[in-house]
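Peer 1: dropping a prediction and its sequence here:
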Amino acid sequence: MRNTTDIRTLRLAGFTRTELIAVVAVLVVLFAGLFVGLGFTKESRRRAQCRANLRQIGIALQLYAKDYGELLPDCTRRNPKFHGAVWPWDMNVNLVAELEKRGGKREFLYCPSNDMNNERHWDYPKFSGGRARVLGYAFLFHGVRDVPPDLARVNLKGDGARKPAEVELTVDATVSQGGDYTTIRGFSVDRTSHLSGKKPSGGNILFVDGHAAWRDFNQMKHQIVAQVVWDF
């Protein structure tokens, strides 16, 4: 009759090295899938919050237009109150205040996928002596220096060629310099939103009719080419 020690030894000997490696490999795959799944969930939440932000911005802009004969903010030199934006994510402090009055709170003006919601961007005039806050979304307003005339939105009727539901008004910060989406140098070192490795996976778009939707990066084009290239 075998003793207990012999039986235990046989059982251990029966669990081969190959089987142990297979078990470890399965565990590694399971944990990797878990971590990837958690990361995807976080990014999904960020995309959803970003889209909700843009909807709130859309409501504020629609309320503004309702008060001003369906016109969007005029940022040209003709209107010194709102003038002074250089990059599309710059916005005169007076215009920001107008949006805040209509529900466009500070937290809605920054994408949660981009770490730009800080005092250095929000209080940019204090550091630069200028008149514009640096926000987390690009606004296609008439009079912003880097926004070409054909992309500048004047009212909520569209661009004359497409329906309002097809015309971009505010876009997520999908930007690059020299082909690099991870380092944008202006007032500070920034980056594009919703990065997937060294390139963005896409961004949310607010349309003139007020709805917001996700657009994959492979569907975007270089729309504004200046010191910074803006894709949407």
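Peer 2: That came through fine.
Peer 1: and for the closest residue to residue 105 other than its chain neighbours, the neighbour number?
Peer 2: Spatial nearest neighbour of residue 105, chain neighbours left out: residue 56 (7.5 Å); criterion: CB to CB, 6 or more residues apart in numbering. To be clear about C-beta, it is placed using only N, CA and C from the backbone, and glycine gets the same treatment. Using other CB atoms under 10 Å, residue 56 has 19 neighbouring residues.
Peer 1: for the one 3 residues further on, same thing?
Peer 2: The tally of other residues near residue 59 (other CB under 10 Å) stands at 16.
Peer 1: hmm, it is touching residue 209, no?
Peer 2: No - using CB atoms under 8 Å, residue 59 is not in contact with residue 209, being 11.9 Å away.
Peer 1: who's in contact with the residue nearest to residue 105?
Peer 2: Taking CB atoms under 8 Å, 6 or more residues apart in numbering as the criterion, residue 56 is in contact with 103, 104, 105, 108.
Peer 1: residues near the third one, how many?
Peer 2: Residue 105 is flanked by 13 other residues according to other CB under 10 Å.
Peer 1: how about the helices in this structure?
Peer 2: Secondary structure of the chain (DSSP state H): helices at 4-14, 17-67, 93-101, 119-122, 124-128.
Peer 1: and these, which one is worst for confidence?
Peer 2: Note on those: helix 4-14 shows the lowest mean pLDDT, a mean of 51.
Peer 1: count the residues that sit near the residue nearest to residue 136 when sequence neighbours are not counted.
Peer 2: Of all residues not flanking residue 136 in the chain, residue 110 sits nearest, at 3.4 Å (CB to CB, 6+ apart). Using other CB under 10 Å, residue 110 has 23 neighbouring residues.
Peer 1: that older thread, need the contacts of residue 56 in TSV (columns: distance to residue 41 and pLDDT).
Peer 2: Output for the contacts of residue 56, formatted as TSV (distance: CB to CB, whole Å; pLDDT from 0 to 100):
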residue	distance to residue 41	pLDDT
103	28	97
104	28	97
105	25	97
108	22	98
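Peer 1: would you point out the most distant pair within those residues?
Peer 2: 103 and 108 (8.0 Å; CB to CB).
Peer 1: comparing those two, which residue is more hemmed in?
Peer 2: The residue with more neighbours, out of residue 103 and residue 108 and counting by other CB under 10 Å, is residue 108; that gives 22 against 12.
Peer 1: how near is that one to residue 49?
Peer 2: Residue 108 is 10 Å from residue 49, where distance means CB to CB, to the nearest Å.
Peer 1: cool, and residue 218?
Peer 2: Residue 218 is 23 Å from residue 49, by CB to CB.
Peer 1: on that earlier part again, can I get the contacts of residue 56 in JSON lines including distance to residue 123?
Peer 2: JSON lines is the format used below for these (distance: CB to CB, whole Å):
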{"residue": "103", "distance to residue 123": "21"}
{"residue": "104", "distance to residue 123": "17"}
{"residue": "105", "distance to residue 123": "16"}
{"residue": "108", "distance to residue 123": "17"}
